[in-house]
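J.: Here is the input, now give the coordinates:
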Amino acid sequence: MSINLRRLAAGMAFTLLAAAQAVAAPTPVRFVLDWKLQGVHAWYYLAEDRGYFKDENLAVRIDQGDGSANTVTKVMAGVYDAGFGDVNAIIQNAATRPQEAPVMAYLIYNRAPFALVTRADSPIRSLEDLEGRKLGSPAGGAAMRMFDTLAALNGIDAGKVEWVNMAPNLQEQMLLRGEVDASAVFSVTSYANLLGMRQDPDQGFRWFHYADHGVELYGNGVMVSRKLLAEQPAVAAGLIRAIHRGLMDTIADPDAAIEALARREPLIDREIEKERLRYTLQNVVFTDEVRRIGLGDIDDARMQRAIAQVVDVFGLPATPTVDQVFSRAALPPRDARLVAP
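T.: Residues are numbered from 1 along each chain as shown. This is a model prediction of the structure:
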């Protein structure tokens, strides 16, 4: 073979190798959580440890967050491609900026975890007993904002309730001290906080979950940017597949999931975070609806009613459609998403 032919062959080999490496290079995905690391984030790290993102040829960077509503604004700003956050915040943004708001691609909290919690020895035994009582909430807290809807649906005079504002980290303390009669809380957070205070949240407290009393809101899930869904649909689908596998594995083996979380944050209380995870799965993830339609999906009619409730509470200027809020484009098949009764 002549020198020129050898050079040509070497050049072609280099070109083919470079092309192969380019094809094999994983696609970077920037992902943000809703809060600091907790048990409800364990499935993302279990998916990472078990190579599920790698299987989809994705290089996913997972960052901690500072609020489920802020996840939406960060994805809208283009800082992140996807994240774990609140579908109700998507609704609020879709009412004014429908072309910019992200879409929910895999709904995990089938029930928004809003609740009122009171002590077991409290005279509040039904929603009707709330009239004339003091309720605690951080200023502008989502559970407080939704209280008027809860009251209207259940014949309660919201004007007969006195609200006491406090810092989020004082809600359980002020309830225990008797400074408020009940608190409007994010149940999956308050439940774990009470455990951390050496309280028994099941026997020592009474819970009124909004979802049990007519409030139809969904909660947190995996949202993706419209840009990612439109321009890289295979990447969006791969991301959801990997997360779904991590969630299914977490359901099957919570201990392994908590250990994956602890490898990132060794200072977590494993037992409390495992209980937070268990409580979340049982109270806001596993529902009759999920057993019927599978993890990640929604009921369109219910979502439309939920959108209407959010529009009413926040006085939004427009009512988004279900398609502006949720997309099934990246969902795995239903059979793969079904969970045991």
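J.: Need the pLDDT of L261.
T.: On pLDDT, L261 comes in at 98.
J.: cool, and the one 5 residues further on?
T.: Turning to P266, the model gives it a pLDDT of 97.
J.: doesn't it fall inside a helix?
T.: No: using DSSP: H, G, I helix; E, B strand; the rest coil, the secondary structure at P266 is coil, not a helix.
J.: separation between D288 and K134?
T.: Distance, D288 to K134, by C-beta to C-beta, to the nearest Å: 35 Å. C-beta here means a position set from N, CA and C on the backbone, and glycine is covered the same way.
J.: Sorry, wrong one. I was asking about V215.
T.: Counting by C-beta to C-beta, the gap from V215 to K134 is 21 Å.
J.: Which one's more surrounded, the two?
T.: Neighbour count, other C-beta atoms under 10 Å: between V215 and K134, V215 has more, with 22 against 16.
J.: Tell me who's in contact with the more buried one.
T.: Counting by C-beta atoms under 8 Å, 6 or more residues apart in numbering, V215 makes contact with 112, 114, 146, 149-150, 153, 309.
J.: try 10 Å this time
T.: The contact partners of V215, by C-beta atoms under 10 Å, 6 or more residues apart in numbering, come to 111-112, 114, 143, 146-147, 149-150, 153-154, 209, 305-306, 309, 313.
J.: before we move on, what about D323?
T.: D323 sits next to 94, 98, 103, 300, 303 when contact means C-beta under 10 Å, 6+ apart.
J.: Which single one of those is nearest to R292?
T.: Relative to R292, the closest of the contacts of D323 is D300; by C-beta to C-beta it sits at 13.3 Å.
J.: Name the nearest residue to that closest one, ignoring sequence neighbours.
T.: Distances taken as C-beta to C-beta, 6 or more residues apart in numbering place V322 nearest to D300, at 5.2 Å, with adjacent residues excluded.
J.: Stretch 167-187 spans what distance, first to last residue?
T.: One end of stretch 167-187 to the other measures 16 Å (C-alpha to C-alpha, to the nearest Å).
J.: and if you look at stretch 77-87?
T.: 17 Å.
J.: Can you give the distance of that stretch from its chain's centre?
T.: 11 Å (C-alpha atoms, centre = their mean, to the nearest Å).
J.: Okay, buried residues for it please.
T.: 80-87 (16 or more other C-beta atoms under 10 Å).
J.: element containing A256, please.
T.: Per DSSP states H and E: A256 is located in helix 254-264.
J.: Residues contacting that helix, please?
T.: 37-50, 62, 64, 246-247, 249-251, 253, 268-271, 273-278, 281.
J.: Kindly recompute the last result at 6 Å.
T.: Helix 254-264 is contacted by residues 42-43, 45-46, 49, 250, 268, 270, 273-274, 277 when judged by C-beta atoms under 6 Å, 6 or more residues apart in numbering.
J.: Show me the domain layout of this structure.
T.: Here the domain assignment for the chain is 27-110+218-337, 114-213, based on automatic domain parsing.
J.: on contacts alone, who are the packing partners of the helix or strand hosting K54?
T.: If you go by DSSP H and E, K54 is part of helix 52-55. Judged by 3 or more C-beta pairs under 6 Å, 6 or more residues apart in numbering; DSSP states H and E, the packing partners of helix 52-55 are helix 233-252.
J.: So which bits of the helix it packs on are buried?
T.: 235-251.
J.: okay, it in CSV with CA atoms only?
T.: The C-alpha trace of helix 233-252 is given here as CSV (Å, rounded to 0.1, in the frame of the first residue of the first chain):
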residue,chain,number,x,y,z
PRO,A,233,-38.2,14.0,22.4
ALA,A,234,-36.1,10.8,22.7
VAL,A,235,-34.1,12.5,25.5
ALA,A,236,-37.2,13.4,27.4
ALA,A,237,-38.6,9.9,27.0
GLY,A,238,-35.3,8.4,28.1
LEU,A,239,-35.2,10.6,31.2
ILE,A,240,-38.7,9.6,32.2
ARG,A,241,-38.0,5.9,31.5
ALA,A,242,-35.0,6.0,33.8
ILE,A,243,-36.8,7.9,36.6
HIS,A,244,-39.7,5.5,36.3
ARG,A,245,-37.4,2.5,36.7
GLY,A,246,-35.9,4.2,39.8
LEU,A,247,-39.3,4.7,41.3
MET,A,248,-40.4,1.2,40.6
ASP,A,249,-37.2,-0.1,42.2
THR,A,250,-37.7,2.2,45.2
ILE,A,251,-41.2,0.8,45.7
ALA,A,252,-39.8,-2.7,45.7
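J.: helices or strands next to it in the packing?
T.: Applying 3+ C-beta pairs under 6 Å, 6+ apart, one finds that helix 233-252 contacts helix 42-49, helix 52-55.
J.: just those: most buried one?
T.: Most buried of those, by mean neighbour count (mean count of other C-beta atoms under 10 Å): helix 42-49, with a mean of 24.
J.: Name the residues linked to the residue with the shortest distance to the centre of the chain by a beta bridge.
T.: The geometric centre of the chain, computed from its C-alpha atoms, lies nearest to N220 (C-alpha atoms, centre = their mean), at 2.4 Å. Legend: beta-bridge partners of N220 under DSSP bridges are D86.
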